[in-house]
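K.L.:
Here is my input; please provide its structure:
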Amino acid sequence: MRIAYYRVSTGDQSIEAQRHALGSDFDKEFTDEGVSGGIMAADRPGFAKLLEQVRRGDVVFVYAVDRLGRDALDVQATVRRLIDAGVTVDIHGLGTIGRGAGEIILAVLAQVADMERDRIRGRTEAGRAAARASLRATGKTHRGKDSLGRPKAADGAAVAAWRRERNASIRATALQFRISEATVKRYTKAFPLDPLERIDTAEQKLPQAEVELMLASPMDQRLTAYRSQMLARAEREAARQAERIERPDYDPLSED
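P.N.:
Residues are numbered from 1 along each chain as shown. Presented below is the predicted three-dimensional model:
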């Protein structure tokens with residue numbers, strides 16, 4: 001049986017390039033997408049299934065040594081395990097890996113993959129350090145981004161407001177903004193009802209002109225204006241109460 005194994009390290013990468021290079025004449029295919037090569041082969045969901053189903057006489061095809069993993073010892077142990085089970089391992093561009101010379105070549109290439117993983121880790125850490133330093137100094141990373149990590153898929157406040165205004169489902173909102181349902185849930189939780197929308201009674205409502213002005217402002221300005229309005233209202237109420245107390249005919253028992 002001809003079996004193909006594909007692996008990519010991140011969710012935004014595709015296995016299609018590997019599939020195209022190896023061809024499509026396979027009886028079975030196993031994949032690990034978004035899985036680091038630093039994870040032991042037997043601990044990856046796709047490769048673990050391959051190990052369960054592979055049989056003596058089968059041939060496992062892989063695009064490159066680093067697709068098997070980036071831990072040199074684990075790659076060698078994995079290939080040796082397959083060979084001992086009577087399974088042939090074929091690496092694109094190298095051919096069949098057998099005992100003796102084949103294992104020596106594999107060991108060298110696995111060590112190179114392991115070293116490359118260390119270099120990738122080093123470059124990543126250096127990039128993060130530079131980004132943090134630039135963010136502290138200028139408010140932007142060294143690549144001009146507003147924060148570390150991936151850019152936001154959408155404006156969370158806008159997504160939450162759109163869903164609330166239309167009473168839309170999570171799925172409908174995800175389709176509207178082309179984001180995942182998990183992202184919609186996160187935004188909905190992060191941006192609950194606007195404080196202005198929580199003012200229920202007629203006595204608490206602000207004048208319509210003030211509400212419209214506040215709704216037209218950015219969220220932080222709206223919150224600041226809301227706090228100022230509530231503080232001013234509390235001060236006016238306290239002043240009116242003081243005036244009532246100073247009246248000669250004031251009777252505290254007559255208050256509700």
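K.L.:
In this structure, what residue spans correspond to helices?
P.N.:
Here the chain has its helices, by DSSP state H, at 16-22, 45-53, 65-68, 72-84, 101-138, 156-166, 170-177, 181-190, 208-215, 219-246.
K.L.:
Which of those helices has the lowest mean pLDDT?
P.N.:
Lowest mean pLDDT within the helices of the chain: helix 208-215, at a mean of 55.
K.L.:
what's the residue nearest to T10 when sequence neighbours are not counted in contact with, if anything?
P.N.:
In space, not counting the residues next to it along the chain, T10 is nearest to G34; the distance is 5.7 Å by CB to CB, 6 or more residues apart in numbering. Any C-beta I mention is one placed from the backbone N, CA and C, and that applies to glycine too. Contacts here follow CB atoms under 8 Å, 6 or more residues apart in numbering; on that basis G34 touches V8, S9, T10, G11, Q13.
K.L.:
would you list those residues in a markdown table and tack on distance to N167, neighbour count and pLDDT?
P.N.:
Shown next, in a markdown table, are the contacts of G34 (distance: CB to CB, whole Å; neighbours: other CB atoms under 10 Å; pLDDT from 0 to 100):
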| residue | distance to N167 | neighbour count | pLDDT |
| --- | --- | --- | --- |
| V8 | 39 | 20 | 90 |
| S9 | 40 | 19 | 86 |
| T10 | 36 | 9 | 80 |
| G11 | 31 | 9 | 72 |
| Q13 | 37 | 13 | 80 |
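K.L.:
Farthest pair within these?
P.N.:
Across the contacts of G34, the longest distance by CB to CB is 9.1 Å; it joins S9 and G11.
K.L.:
Contact partners for D27?
P.N.:
Shown in contact with D27 (CB under 8 Å, 6+ apart): M1, R2, I3.
K.L.:
Could you report the pLDDT at it?
P.N.:
Reading off the model, D27 has pLDDT 94.
K.L.:
Equivalent analysis for G98, please.
P.N.:
Taking G98 on its own, its pLDDT is 71.
K.L.:
What of D58?
P.N.:
Note for D58: predicted pLDDT of 94.
K.L.:
do the same with the one 5 residues further on
P.N.:
For Y63, the model assigns a pLDDT of 91.
K.L.:
I'd say it and H20 touch.
P.N.:
No. Look at Y63 against H20 with CB atoms under 8 Å: they stay out of range, at 9.7 Å.
K.L.:
More neighbours: which of those two?
P.N.:
Y63 (21 against 10; other CB atoms under 10 Å).
K.L.:
what number of residues lie near L175?
P.N.:
13.
K.L.:
Likewise for R67?
P.N.:
22.
K.L.:
Find the nearest non-adjacent residue to it, please.
P.N.:
Using CB to CB, 6+ apart and skipping residues adjacent in sequence, the residue nearest R67 is R7, 4.7 Å away.
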